[in-house]
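J.: The amino acid sequence is not available; the structure is as follows:
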């Protein structure tokens, strides 16, 4: 069995192959979990949409938000390189 390495959003390669595990926490109910597979571009687009990031926003702000706030609140997104 191969061990997967967790990577930062900053380290995604556009044409890379990734597995994304997302846990959506509901404060007063059950949590939901998702397992997604896609390229680095697809993963980046998914995260942008999930956090409400707009194209005119600075990409470094998204990276900073992900590093500082991911998992510190309602949701947790983990990215693994395949």
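T.: Noted; the coordinates are in hand. Note that the structure is a prediction, hence the values are computed from the model and not measured.
J.: CA only for contacts and neighbour counts going forward, please
T.: Fine.
J.: Show me the strands in the chain, by range?
T.: Ranges of strands in the chain, per DSSP state E, are 5-6, 17-24, 32-39, 75-81.
J.: hmm, who's touching the third one?
T.: Contacts of strand 32-39 with the rest of the structure, by Cα atoms under 8 Å, 6 or more residues apart in numbering, involve 13-26.
J.: Just give the number of residues close to residue 18.
T.: Applying other Cα atoms under 10 Å, we find 24 other residues in the vicinity of residue 18.
J.: nearest spatial neighbour of it, skipping sequence neighbours?
T.: Excluding the flanking residues, the one nearest residue 18 by Cα to Cα, 6 or more residues apart in numbering is residue 81, at 4.6 Å.
J.: Okay, and the beta partners of the one you found?
T.: residue 5, residue 18 (DSSP bridges).
J.: Could you check how far residue 8 is from residue 1?
T.: According to Cα to Cα, to the nearest Å, residue 8 and residue 1 sit 23 Å apart.
J.: Ignore what I typed, I meant residue 64.
T.: In terms of Cα to Cα, residue 64 sits 33 Å off from residue 1.
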